[in-house]
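Colleague: Just the structure for this:
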Amino acid sequence: MAETGCPTSPREVVGIPGGSMDGRETSQAIERKAAQWVARMDRGPLDAQEQEELQHWLSGDARRRGAFIRARALWHCPDVIARVAQPSVLHPLEEVPAPASPCGHRTDRAPRRTGPALRRGVAALAASIMLFVLVVASMPMPVAYATAKGEMRRVPLIDGSTLTLNTESRVDVYEEERRLRVRIRRGEVFVEASGSGEPLLVEVDGVQLRAGVAAFVVRKLDGLPAQVVVQDGEVGLPAPDGPVKSLAAHQRGSWKTVSDRVEVASLSADQMHRELAWREGKLAFHGERLAEAAEAFARYSDVRIVIPDPRLANASVTGLFAANNPAGFSRAVADVFGAEVRQETSREIVIVPED
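Modeller: Numbering: from 1, shown residues only. From the prediction side, this is the model:
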């Protein structure tokens, strides 16, 4: 593939896919590659190697940057793509009705006529859009898995790996060139990577993790930093200021944005048990405020725990509780702190200090 110059002929040579009479890329091949890059970027952020490959490709031919810009514009205009599926054909010198005035009356201007130049432009645009549609349609589409509130789901993958989705979680699974890629959309997922073949790729909040044989939790919860907690094996993650680093067993990595430095903490056996308690349907607390514990229960049940008294809400709680039993938790807390439980409605439990 030539990297400079523009082809003198747009025709493809038989037996040379994407090639023209002089051996350079055809416009169709460039449009196709641009669509592939845009579709790849929509599925998730490019890693450093892919960024370098994209920049190299864009700099190789003056036509590529324009094709890339057009492909990105088309990707965000699905209504245009839909309309081209049933294009209206304009015949030579066909009259186009004059536009209506804002009040609904026709203007006095003469009808416009279409000519060869306009028809060629419309045909070229339609051809570009159709090529884009065909390329996107051939892209591998993800398989989405999700859980409702209070639900847990185990998902086997084709390489022998498994995903366990906690309450209100969603993942997209891509199969790309014999490699699996998992994109964490929201929630909490326990990943058991089999290590067979290529490393399993897991994306969360713009960071791409790589795992061979490993077991780890990935979290993407509203209002909290993204987290990875490794139970066994090693998980590689890129560092914004350097090469890929690895998280080892009993380590937790946290970051707020893709450009932030990953904060790494080592965890004790007890801490690891609390981190993974949800896999057994439990919530484990060790010194958290009662208000924080109430928020944790809200992820698993539509029954809200309300603690209006500030002093009681700031009291610390320790223990292991069933995640799907907010009423039992409330009674246990009330016994410990000398409080009273009131079932205000079927979906609200109020804990107040005793009079």
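
Colleague: what about the helices in the stretch 51-200 of the chain?
Modeller: 62-75, 78-84, 116-137 (DSSP state H, counting those that start in this stretch).

Colleague: Just give me the lowest mean pLDDT stretch among those helices.
Modeller: Mean pLDDT values for those show the minimum at helix 78-84, a mean of 51.

Colleague: Spell out the secondary structure type for Val352.
Modeller: strand (DSSP: H, G, I helix; E, B strand; the rest coil).

Colleague: Now it: closest residue in space, sequence neighbours ignored.
Modeller: Distances taken as Cβ to Cβ, 6 or more residues apart in numbering put Glu340 closest to Val352, at 5.4 Å, once the chain neighbours are dropped. (Each C-beta comes from the backbone N, C-alpha and C, glycine too.)

Colleague: cool, Arg185 as well?
Modeller: Nearest one to Arg185, counting by Cβ to Cβ, 6+ apart, is Arg170 at 4.1 Å.

Colleague: do Ala277 as well
Modeller: Ala284 (4.0 Å).

Colleague: Tyr174 too?
Modeller: Counting by Cβ to Cβ, 6+ apart, the residue nearest Tyr174 is Arg181, at 4.3 Å.

Colleague: For the one you found, give its distance to Leu267.
Modeller: Distance, Arg181 to Leu267, by Cβ to Cβ, to the nearest Å: 27 Å.

Colleague: just Phe321 next, same as before
Modeller: Counting by Cβ to Cβ, the gap from Phe321 to Leu267 is 21 Å.

Colleague: higher neighbour count, these two?
Modeller: Phe321 (20 against 17; other Cβ atoms under 10 Å).

Colleague: That one belongs to a strand, doesn't it?
Modeller: Yes - assignment of Phe321 by three-state DSSP places it within a strand.

Colleague: quick one: it and Ser330 touch, right?
Modeller: No - using Cβ atoms under 8 Å, Phe321 is not in contact with Ser330; the gap is 10.0 Å.

Colleague: follow-up on the earlier one: going by neighbour count, list what's buried in the helix or strand harbouring the residue nearest to Val352.
Modeller: Assigned by DSSP states H and E, Glu340 belongs to strand 339-345. By 16 or more other Cβ atoms under 10 Å, the buried positions in strand 339-345 come out as Ala339, Val341.

Colleague: now stretch 158-168
Modeller: For stretch 158-168, burial by neighbour count (16+ other Cβ under 10 Å) applies to Asp159, Ser161, Leu163, Thr164, Leu165, Asn166, Thr167, Glu168.

Colleague: Present those as JSON lines; the columns should include pLDDT and distance to Ser346.
Modeller: Conversion of these to JSON lines gives the following (pLDDT from 0 to 100; distance: Cβ to Cβ, whole Å):
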{"residue": "Asp159", "pLDDT": "90", "distance to Ser346": "45"}
{"residue": "Ser161", "pLDDT": "95", "distance to Ser346": "40"}
{"residue": "Leu163", "pLDDT": "97", "distance to Ser346": "33"}
{"residue": "Thr164", "pLDDT": "97", "distance to Ser346": "30"}
{"residue": "Leu165", "pLDDT": "97", "distance to Ser346": "27"}
{"residue": "Asn166", "pLDDT": "97", "distance to Ser346": "25"}
{"residue": "Thr167", "pLDDT": "96", "distance to Ser346": "20"}
{"residue": "Glu168", "pLDDT": "96", "distance to Ser346": "21"}
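
Colleague: tell me which of the residues you listed is nearest to Ala211?
Modeller: Ser161 (8.6 Å; Cβ to Cβ).

Colleague: which residues are contacting stretch 158-168?
Modeller: Stretch 158-168 has contacts (Cβ atoms under 8 Å, 6 or more residues apart in numbering) with 145-157, 171, 173, 175, 180, 182, 186-194, 196-197, 200, 278-279, 299-300, 323.
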